[in-house]
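Participant: need a structure here:
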Amino acid sequence: MISFIVPAYNEEALIARTLDCIHAAAKFCLEAYEIIVADDASTDRTAEIARSHGARVIQVNRRQIAATRNAGALQARGEMLIFVDADTFVSESVVRAAIEAMKLGAAGGGSAVSFDGDVPRYAKVMQPILVRAFRATGLACGCFLFCTRAAFDATGGFDESLFASEEIWMSLAVKRHGRFVVLRESVTTSGRKLRMYTGKQVFRIFSGMMLGGPKALKKRDGLELWYSGRRDDPSSSKPLPQTGN
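Facilitator: Residues are numbered from 1 along each chain as shown. All right, here's what the predicted structure looks like:
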């Protein structure tokens, strides 16, 4: 069985499309699957929408992405785990590629990533550079990571001391237990954070992370890009593009 684990906090605007994409992709792959939404203290209709779209919802109250992913994984019944952020849209091709990679012996992996809608120019320039960098270093982007149950158990899951960059440490941990692949196939994730924050604000946040070192990743302060709770996407009134295969 394939277990899709979706961590979510106040994602009523996007989670229905995320779950619909997962259902469509999984059905094309002809695999038994389940979707677990780990609802981390949402105050909106995230849980209600998730249940109405065929997900099993578990309640978490941590406000930490690593702990929320782990909580979902601990409830999963699948031998293969695919972690998909609640604002990320998968296609049949990327899901099929992840499943095939694990069946062929990979312990885990990630994928390429693109942004939905219009994003600032600096993001358009940086996106292909970051994709190449993640592929060259063999690391998964945060919005999509997969691993076998055996690899997850062997690593102990995502590092719950981290409030950001936990996918990088998870990628490194999985690598120690087997082959880690970064797929050519791509997922589409929301570019809303890049639309909500100015380039100067994004630069300040990432500069603080780099200058602060590991200590900066172990507290919410300075990580408002992930923990402010803002959902006011300037393009929310525009129709979202369709994801392709």
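Participant: residue boundaries of the helices in the chain?
Facilitator: 15-29, 46-52, 65-75, 92-103, 121-137, 149-155, 166-175, 192-196, 199-212, 224-227 (DSSP state H).
Participant: Of those, which is nearest Ala38?
Facilitator: helix 65-75 (3.7 Å; C-beta to C-beta). Glycine gets a C-beta too; all of them are placed from N, C-alpha and C.
Participant: tell me the average confidence for the closest one?
Facilitator: Averaged across helix 65-75, pLDDT comes to 96.
Participant: So which bits of it are buried?
Facilitator: 65-73 (16 or more other C-beta atoms under 10 Å).
Participant: and if you look at stretch 182-195?
Facilitator: 182-183, 185-195.
Participant: any chance of these in JSON lines, with pLDDT too?
Facilitator: Listed next are the buried residues of stretch 182-195 as JSON lines, based on pLDDT from 0 to 100:
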{"residue": "Val182", "pLDDT": "96"}
{"residue": "Leu183", "pLDDT": "96"}
{"residue": "Glu185", "pLDDT": "95"}
{"residue": "Ser186", "pLDDT": "94"}
{"residue": "Val187", "pLDDT": "96"}
{"residue": "Thr188", "pLDDT": "95"}
{"residue": "Thr189", "pLDDT": "94"}
{"residue": "Ser190", "pLDDT": "91"}
{"residue": "Gly191", "pLDDT": "87"}
{"residue": "Arg192", "pLDDT": "87"}
{"residue": "Lys193", "pLDDT": "85"}
{"residue": "Leu194", "pLDDT": "86"}
{"residue": "Arg195", "pLDDT": "87"}
